[in-house]
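Visitor: Provided below are the primary sequence and the corresponding predicted coordinates.
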Amino acid sequence: MNKKIAIPVKEGVLDSHFGHCSHFALIEVEGKEIIAEELVEAPPHVPGKLPPFLANLGVTDVLAGGMGARAIEIFNANNVNVFVGAPALQAKELVTGFLNETIEFNANCCNH
């Protein structure tokens with residue numbers, strides 16, 4: 001199954017504050033193999049804007065440290081799966097661990 005996974009990053013590492021990241025690493029996978037990588041600049045932070053922005057880029061899944069409940073709802077309404085509580089790793093390392101089920105997702109670190 002093909003996926004396009006978005007990770008909020010700062011200097012290539014997961015940015016734990018999803019809504020205020022500087023960039024998104026977009027990583028395309030086929031099965032468990034990474035087939036393409038892209039770095040896109042995040043638009044200015046406006047509540048509710050990021051979920052449709054990423055959905056329009058073809059994102060199927062988001063790996064994040066923390067995210068507000070409303071953003072998760074909007075992603076789900078746009079058929080994008082959200083996984084929160086991700087560890088602060090390099091984007092490619094995070095995706096590889098996600099695909100191989102070798103990393104642990106903890107509690108959502110966003111409380112607003």
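Guide: Great, that's in hand.

Visitor: state whether residue 93 is indeed within a helix.
Guide: Yes. The assignment for residue 93 is a helix, going by DSSP: H, G, I helix; E, B strand; the rest coil.

Visitor: where does residue 20 land on pLDDT?
Guide: We have a pLDDT of 85 for residue 20.

Visitor: count of neighbours near the residue nearest to it when sequence neighbours are not counted?
Guide: Once flanking residues are discounted, residue 20 sits nearest to residue 45: 5.5 Å by CB to CB, 6 or more residues apart in numbering. Bear in mind the C-beta positions are built from the backbone N, C-alpha and C, glycine included. For residue 45, the neighbour count with other CB atoms under 10 Å is 12.

Visitor: also residue 32?
Guide: Residues within reach of residue 32, counting by other CB under 10 Å, total 12.

Visitor: just the pLDDT at it, thanks.
Guide: 92.

Visitor: could you pull out the strands for this structure?
Guide: Listed in chain order, the strands found in the chain under DSSP state E are 2-10, 13-14, 23-30, 33-41, 61-63, 81-83.

Visitor: just to revisit the earlier point, and the residue nearest to residue 20, how far from residue 90?
Guide: For residue 45, the distance to residue 90 equals 23 Å [CB to CB, to the nearest Å].

Visitor: most packed of the strands of the chain?
Guide: strand 61-63 (a mean of 24; mean count of other CB atoms under 10 Å).

Visitor: any idea what the spatially closest residue to residue 59 that is not a sequence neighbour is bridged to?
Guide: Closest residue in space to residue 59, ignoring its immediate chain neighbours: residue 6 at 4.5 Å, by CB to CB, 6+ apart. According to DSSP bridges, the partner residues bridging residue 6 are residue 26, residue 62.
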